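In: here you go, sequence then predicted model.
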Amino acid sequence: MNPKSPTLPADLRDDPLYYLRHFQFVLDWVMARHADLLAEPEQRFIMAFGELPEAAQALLVRMVSRKGELFRTSRLVYTEVDDLEQALSRLAAAQLVELDPVLSLDDLLAQLRLPEARRVFAETVSACGLPTSVSKSRLCEALDGQFTPRRWSAWWPESDETLVRVSVMSVCDRLRLMFFGNLRQSWSDFVMAELGHMRYERVSFDPASRGFQQRQEVDAYLCLHRLRERFDDGEAVADIWSAVPRLPDDNPWLAARRSRLLLRLGQQAQREGQVALALEIFSFAGPGEARVRRLRLLEREGEHHQALTLATEALEAPLDDAERQALARLVPRLQRRLGLPVLKPAAQAPPQSWSLSLPPLSLAASGSVELALRDHLARDEAPAFYVENHLFAGLFGLLCWDVIFAPLPGAFFHPFHRGPADLYRPDFVSRRRDRFDACLEALASGDYRERIRARWRDKQGLANPFVYWEVLDEALLELALHCIAPEHLAVLFERLLEDLKANRSGWPDLIQFFPDAGKGQPRYRLIEVKAPGDRLQDNQRRWLEHFQCHGIPVSVCHVRWSDG
């Protein structure tokens, strides 16, 4: 870490104001890393916050960490804030909160419990002939359009408490975004991260590695986030689509966020029967799922020529295996609809499969069909492990540890990342291609075993998005390094790099090792386990095809339960 970066006390678990220390750390971190991206509102807030007494700071952080920006004083009782009125007075004087704010009817009703709402609007209830036990929804219908906004005290003069509005929630959201690199994580996520639940790799931070280089990038992210909120609130798709900003081509991170929003908008337009709008939105959403949905919608609308032309072009450069598979199914179907010759793909041999009957008691003893089969197969000379998606990903994560944690721009925003923020972005691998190639060369040179062992020892327990320490113990690691050919690891790691998100899943459930196998005999086999009624998923089929193409020993075991 940069020596000028702020640091936290070693242990805050016994500090009742731990959340305030974290919040202050975030402010210091953003000031140290992003001062040039802060405008007057953020600078004014940070200065005003620093001048507050500790109790007022603590109260503000408590409110900022909660949902919404309106709070009744009866719900602001904290042992560390011994004088609530004084703390609120200091916050109001600093213009960080507003006391007794003007409220719309909807805002008021959101703050009132049902008995309170009945009391506040008792005259209206009586005048409308409603029962005193009227429900809140019926009351809302009766009140709709009858009242203009007014202060809390004017709505409910008899109330013995005050309403507080946090005036700086948008500023705090911007600061939270600049720290986390997203708005998905809350202040409490930071608390959980730091309190010892996980240990993190130390990453070097410098100005060139910042996720946000321009204030406009922060503005664009916030704009997309607000549009997503409007969508979630049910606003018309056409209105949101018209407000979606165009982004510069040199920011793939924001472009990916925009594409995800457009996919959601297009899906909703399609559900609502707005075909033209859906097709327009999908056309701007980029490759992948949105492109496939556009083509299927064109097919459904009878636009077979256009769909086939676009699908054929897309098949030349699909985004990933999932899109390639979808297009490979779509193109022949469109060709048949148009009466064109269909070039059938070469038949793929089905994966080797076998059946096995196990007593029902083995399921009860093991807890799952996978564990039952593992226990049935395991022998001293041929140990078996339930590894699913974790073994090969773990070996990859250990071998390529330094590449995964390379401090590239937009990869790490703060010291508490389990992995790079751009891990599943389209350009993650391309930005690190030379580094990955250098790492994978160790598989050819034979250095990979010691490198993996060293990472396993030196990084034990540190968070890594590919390494599940509870699965990858030393015994499994040594068997894998002894039995799995480096050529096989190279093949599997390369496919993993083709699509890290999609190809993380779909791996076979079990691996069985044969460490004493003779020359030319496989020293391991992978086993996909299927219980009665289970079917292979698409991602599992893709992996099985890949294994077969490269001579990797794999089979599918269909487990049946015997009568005994």
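Out: Structure's in. What do you need?

In: return the per-residue confidence for the residue nearest to Ala256 when sequence neighbours are not counted.
Out: Residue nearest to Ala256 in three dimensions, not counting chain neighbours: Arg425, with 5.5 Å by Cβ to Cβ, 6 or more residues apart in numbering. All C-beta spots, glycine's among them, are computed from the backbone N, C-alpha and C. Listed pLDDT for Arg425 reads 85.

In: where does pLDDT dip in the stretch 151-300 of the chain?
Out: Low-confidence segments of the stretch 151-300 of the chain, defined by pLDDT under 70: 190-197, 248-249.

In: all helices for it, in order.
Out: 152-155, 169-180, 187-192, 215-232, 237-243, 252-271, 275-283, 289-300 (DSSP state H, counting those that start in this stretch).

In: what's the spacing between the residue nearest to Ala256 and Asp206?
Out: To Asp206, Arg425 is 21 Å away according to Cβ to Cβ, to the nearest Å.

In: just Arg165 next, same as before
Out: From Arg165 to Asp206 the distance is 39 Å (Cβ to Cβ).

In: neighbour count: those two, which is higher?
Out: Arg165 (19 against 10; other Cβ atoms under 10 Å).

In: so Gly339, which of the three states?
Out: In three-state terms, and counting by DSSP: H, G, I helix; E, B strand; the rest coil, Gly339 is coil.

In: what number of residues lie near it?
Out: 7.

In: can you check Gly145 too?
Out: 7.

In: can you classify it by secondary structure?
Out: Gly145 ends up coil, using three-state DSSP.

In: where along the stretch 301-450 of the chain do the strands fall?
Out: 353-358, 384-386 (DSSP state E, counting those that start in this stretch).

In: least confident of those, on average?
Out: strand 353-358 has the lowest average pLDDT among these, namely a mean of 92.

In: packing partners of it?
Out: Counting contacts by 3 or more Cβ pairs under 8 Å, 6 or more residues apart in numbering; DSSP states H and E, strand 353-358 is packed against helix 369-377, strand 554-561.

In: buried set for that strand?
Out: Leu358 (16 or more other Cβ atoms under 10 Å).

In: re the thing from before, would you turn the strands of the stretch 301-450 of the chain into TSV with distance to Pro341?
Out: Conversion of the strands of the stretch 301-450 of the chain to TSV gives the following (distance: least, Cβ to Cβ, whole Å):
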stretch	distance to Pro341
strand 353-358	33
strand 384-386	47
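
In: nearest to Val81, of those?
Out: Taking Cβ to Cβ, strand 384-386 is the member of these nearest to Val81, at 50.2 Å.

In: packing partners for the closest one?
Out: The criterion is 3+ Cβ pairs under 8 Å, 6+ apart, and the helices and strands that strand 384-386 contacts are helix 369-377, strand 510-513.

In: quick one: closest of the ones you listed to Leu399.
Out: With Cβ to Cβ as the measure, strand 510-513 is the member of the helices and strands packed on strand 384-386 nearest Leu399 (17.6 Å).

In: return the alpha-carbon coordinates of whichever helix or strand comes after that closest one using CSV.
Out: Scanning forward in sequence from strand 510-513 by DSSP states H and E, the next helix or strand is strand 524-530. These are the backbone C-alpha positions of strand 524-530, laid out as CSV (Å, rounded to 0.1, in the frame of the first residue of the first chain):
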residue,chain,number,x,y,z
TYR,A,524,-6.9,-39.4,-12.3
ARG,A,525,-10.5,-39.2,-13.6
LEU,A,526,-13.2,-36.6,-13.3
ILE,A,527,-16.8,-37.8,-12.6
GLU,A,528,-20.0,-35.8,-13.1
VAL,A,529,-22.6,-37.2,-10.8
LYS,A,530,-26.3,-37.3,-11.7
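
In: now strand 524-530, how far from the centre of its chain.
Out: Centroid separation for strand 524-530 versus its chain: 29 Å, with Cα atoms, centre = their mean, to the nearest Å.

In: now that strand: mean pLDDT?
Out: 96.

In: strands paired with it, and their directions?
Out: strand 510-513 (antiparallel), strand 554-561 (parallel) (DSSP bridges).

In: so which of these is nearest Arg329?
Out: The nearest among the strands paired with strand 524-530, by Cβ to Cβ, is strand 554-561 at 21.6 Å.

In: what's next to that closest one, contact-wise?
Out: Contacts with strand 554-561, where a contact means Cβ atoms under 8 Å, 6 or more residues apart in numbering, come from 351-360, 363, 369, 372-373, 508, 525-532, 536, 544, 547-548.

In: now do stretch 54-66
Out: Stretch 54-66 is contacted from outside by 17, 19-20, 23-24, 49, 52, 69, 71, 76, 78, 80-84, 86-88, 90-91, 94, 96-97, 164, 166, 168-169, 172, 186-188, using Cβ under 8 Å, 6+ apart.

In: gap between the residue in the chain sticking out farthest from the centre and Asp434?
Out: Centroid-distance maximum for the chain: Ala127 at 51.0 Å, with Cα atoms, centre = their mean. According to Cβ to Cβ, Ala127 and Asp434 sit 76 Å apart.

In: could you do Ala531 as well?
Out: Applying Cβ to Cβ to Ala531 and Asp434 gives a distance of 44 Å.

In: who has more neighbours, those two?
Out: Legend: neighbour count by other Cβ under 10 Å for Ala531 and Asp434, higher for Ala531 (15 against 9).

In: tally of neighbours for the residue lying closest to that one once chain neighbours are set aside?
Out: Leaving aside its chain neighbours, Ala531 sits nearest to Val369 (4.3 Å; criterion: Cβ to Cβ, 6+ apart). Other residues near Val369 number 20, with proximity taken as other Cβ under 10 Å.

In: noted, bye for now.
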